[in-house]
Each structure stands twice: as structure tokens, then as C-alpha cells.
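>>> Show me the folded form of this:
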Amino acid sequence: MWTEQLGKQLGNPTRSLGGWLVSKLFKIRNQVLEDNAVQLCGIQPGDTVLELGHGPGLGLQSAAKLLTEPTGHLIGVDYSEYMHQMAKERMKDFIASGKVTFHLCDVAAMPLADDTVDKVFHCNCYYFWPDLNKAATEIHRVMKPGGLMVTTMRLSHVAVLGAKRVMPGENWRPDAYMAALRDSGFTDVKMEDKYHHNIPFQAMFATASK
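Numbers count the residues shown, from 1 in each chain. Presented below is the predicted three-dimensional model:
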């Protein structure tokens, strides 16, 4: 029972003891994934960058430091109101400067214009999305032609952390997400094993072909 509850909190943390514990878990386990996703994106100073499922804002904090040109802009999307507020507090100075914009919404229905995003990254979250095809199509819609999306994850931890337990079907499997990306128009979709010092993780890459 506790693993199912933990899995639900991982997918959509609430302002509760479970949500608070999950936020601490994110900070411990996801920092390496977030930092590497940002680096693997190859963010340029003037890019428009989108993080999906931003959680407490660890990746946003890393990405914002790279957007040093006036045109550089960062967008955070999450459907957890608790994570949304936590990240906004972490990024309040960037919000005040206009460098960062937040949207409390579903990844499959983002209030963003077509062809506006250069880089997209997300960590440990695609397997919580109910419909991978809708999510992949929406991500493709908002990206500029040739834009790069990077996903980082530790597949060895997915079932332990509860994603496999709470997701219907096979959404937790990376090949299901890769198929959805290809079907929505992404090309060069691939997954690679990576290491950060002695920590193994996986990185998925996809290019928005239009």
C-alpha cells in the first residue's frame, strides 16, 4: 500500500506529508539527472527552453544560469500545484526579471504557441503521463524545427519508486515513449547509457523534425 501511495505522490505531489517526503527525494535523487539533462541539451544563451514536470525547480535553476542573453527565456510546466509553488519560490528572482515563466498545466495541453521552443528537457516523469502520444504530439507542436529534447532517467529505480505500479499499461517502458515520439514527428530518437562519476543513468534524445 505504501508503495502505491508513494507512486501517486511521485506522479503528482500534493501539499501533504507524502508530498513533502517526495520533494526531499527529488532533491536527493534528481539533482544529477537534472544537471545532466541541462548540459546534454546544449543550451545556448539566447534560447527558449522548456522543462516539463519541473518538480521543485532544480533543473530550472541550472538552466536559468545559462540563458545570459536578453532573448534567453525559460518556461516551467508542472501539473502539481505543490511543486509549482515550490519552484516559483526557488526561482522568484528570475520570475521578477522576466527570465522565467511558469504554467500550471498538463503536458498534453500547454498554453504555448507553435514552434517557439528551442530546447526541452525533463527527468523521471514521462511514465506518469496518461497518454504518451498526446504528450509527445504537444511537445512536438511547441518546438521549433530542429529543436532538441532530452530526457534523463534511472530506469533501475522506476519500479522501486512506484511508477510501474501506478501507471496503466506499458507507459513506464522507454520504448513506448520513443515510439510515441517517432509517431508525433520526432527524428533521431535514441537512448544512451551515461555515467556521472560513478552514477549510471539513461538519456533519451529526440529532434523535432518539421
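>>> Next, name the residue at the spatial heart of the protein.
residue 122 (2.0 Å; CA atoms, centre = their mean).
>>> Double-check that that residue belongs to a helix.
No - applying DSSP: H, G, I helix; E, B strand; the rest coil, one finds residue 122 to be strand, outside a helix.
>>> I would like the residues contacting stretch 195-210, please.
Residues outside stretch 195-210 that contact it (CB atoms under 8 Å, 6 or more residues apart in numbering): 32-33, 35-37, 40, 115, 140, 143-156, 174, 177-178, 181, 185-194. The C-beta positions use only the backbone N, C-alpha and C, and glycine is treated the same way.
>>> What segments of the chain are helices?
With helices called from DSSP state H, the chain shows them at 2-11, 17-29, 31-41, 58-64, 81-90, 92-97, 132-142, 158-161, 163-166, 174-184.
>>> Quick one: mean pLDDT for the second one?
This points to helix 17-29. For helix 17-29, the mean per-residue pLDDT is 51.
>>> re the thing from before, how near is the residue nearest to the centre of the chain to residue 111?
The spacing between residue 122 and residue 111, counted by CB to CB, to the nearest Å, is 18 Å.
>>> What's the local residue count around residue 97?
9 (other CB atoms under 10 Å).
>>> what's the pLDDT at it?
93.
>>> Make residue 1 into 509 and carry on from there
Taking 509 as the first residue, the last one we looked at is residue 605.
>>> List the contacts of the residue nearest to the centre of the chain.
Applying CB under 8 Å, 6+ apart, the residues near residue 630 are 545, 559, 560, 561, 659.
>>> Now, the residues you listed that are in strands?
559, 560, 659 (DSSP state E).
>>> now, which of these sits nearest residue 576?
residue 559 (17.7 Å; CB to CB).
>>> count of neighbours near the closest one?
29.
>>> what's the answer for residue 716, then?
25.
>>> Who does it form a beta bridge with?
residue 694 (DSSP bridges).
>>> What separation is there between it and residue 697?
In terms of CB to CB, residue 716 sits 11 Å off from residue 697.
>>> With residue 661 instead?
15 Å.
>>> Among those two, which residue is more densely surrounded?
A side-by-side neighbour count of residue 661 and residue 697, using other CB under 10 Å, places residue 661 first with 25 against 17.
>>> pLDDT weak spots in the chain?
Within the chain, the stretches with pLDDT under 70 are 509-537, 664-680.
>>> if we go to 80?
Residue ranges of the chain with pLDDT under 80: 509-538, 663-680.
>>> So which bits of stretch 695-715 are buried?
697, 699, 709, 710, 711, 712, 713, 714, 715 (16 or more other CB atoms under 10 Å).
>>> one step back: which single one of the contacts of residue 630 is nearest to residue 612?
Among the contacts of residue 630, and counting by CB to CB, the member closest to residue 612 is residue 561, at 12.0 Å.
>>> My understanding was that residue 691 contacts residue 640; is that so?
No - between residue 691 and residue 640 there is no contact under CB atoms under 8 Å: 9.3 Å.
>>> Of these two, which one has the most company?
Set residue 691 next to residue 640 and count neighbours by other CB under 10 Å: residue 640 wins out with 24 against 13.
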